[in-house]
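Participant: sequence first, predicted model second:
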Amino acid sequence: MNRLDCCQRHINHEPAKQWYIYGCNEADDIAKFMFLWISLNWLYNADTYFKYREEFNHKEDDKRDPSEREQILNFVDDRFEQLRGFDVRKAPEFNIFYDQALFDARKAAGDEPRQKDYRKNDHRKLRSKFEKERIQGMFLTLYQVRCNLFHGSKRLKSGRDDLLIHSAAIILEGYLATIFRD
């Protein structure tokens, strides 16, 4: 049993589970995705804290906290056996993400979206022959959906936007179900 497994026994997952339940019961796709993201966010922040608790308590000035992307990748690494219980490729909602990478819709200093292009490296992971890389790619893609909602335009501009949010909510619900089922 690794250090995270030992610590997870002491984590109160009830707040994350409550957000998960709110999301599962929500009809509006944006609200559903947001509630489910809050559940996931709670889980990966709790895992990060317990995994690195000693480092956080004895932090040296030159050490930085892991970025959100790093926390998500660590979460997938640590919970890989649970997460592989949901085969995202069997979900029809996966195809919209598999077919085309997401644009980074966060705004730069002006009103125009960043010319950062698409998240092609995250997208390539979705096509990997390695299951862990595919799951990492899916979680980073879901993170991009979250970033676009929080930092990009606050309104859906197309039918594709509606479908992206709907699909992201369904996929996130599937992954979280594997965690709360255990």
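Facilitator: Looks like it arrived, so ask away. Numbers count the residues shown, from 1 in each chain.

Participant: settle this for me: Ile171 is touching Pro92, isn't it.
Facilitator: No - assessed by C-beta atoms under 8 Å, Ile171 is found out of contact with Pro92, at 10.3 Å. C-betas here are computed from N, CA, C, even on glycine.

Participant: out of these two, which sits in the more crowded spot?
Facilitator: Each of Ile171 and Pro92 had its neighbours counted (other C-beta atoms under 10 Å), and the higher figure belongs to Ile171 (24 against 8).

Participant: who are the contact partners of that one?
Facilitator: 88, 91, 93-94, 97, 138, 142 (C-beta atoms under 8 Å, 6 or more residues apart in numbering).

Participant: try it again at 10 Å.
Facilitator: The neighbourhood of Ile171, defined by C-beta atoms under 10 Å, 6 or more residues apart in numbering, consists of 33, 36, 86, 88, 91, 93-94, 96-97, 138-139, 141-142, 145.

Participant: so it is in which element?
Facilitator: If you go by DSSP states H and E, Ile171 is part of helix 159-181.

Participant: what is the nearest of the contacts of Ile171 to Glu68?
Facilitator: Minimum separation from Glu68 among the contacts of Ile171 (C-beta to C-beta) is found for Phe139, which lies at 11.0 Å.

Participant: and the gap between the closest one and Leu83?
Facilitator: With the distance defined as C-beta to C-beta, to the nearest Å, Phe139 ends up 8 Å from Leu83.
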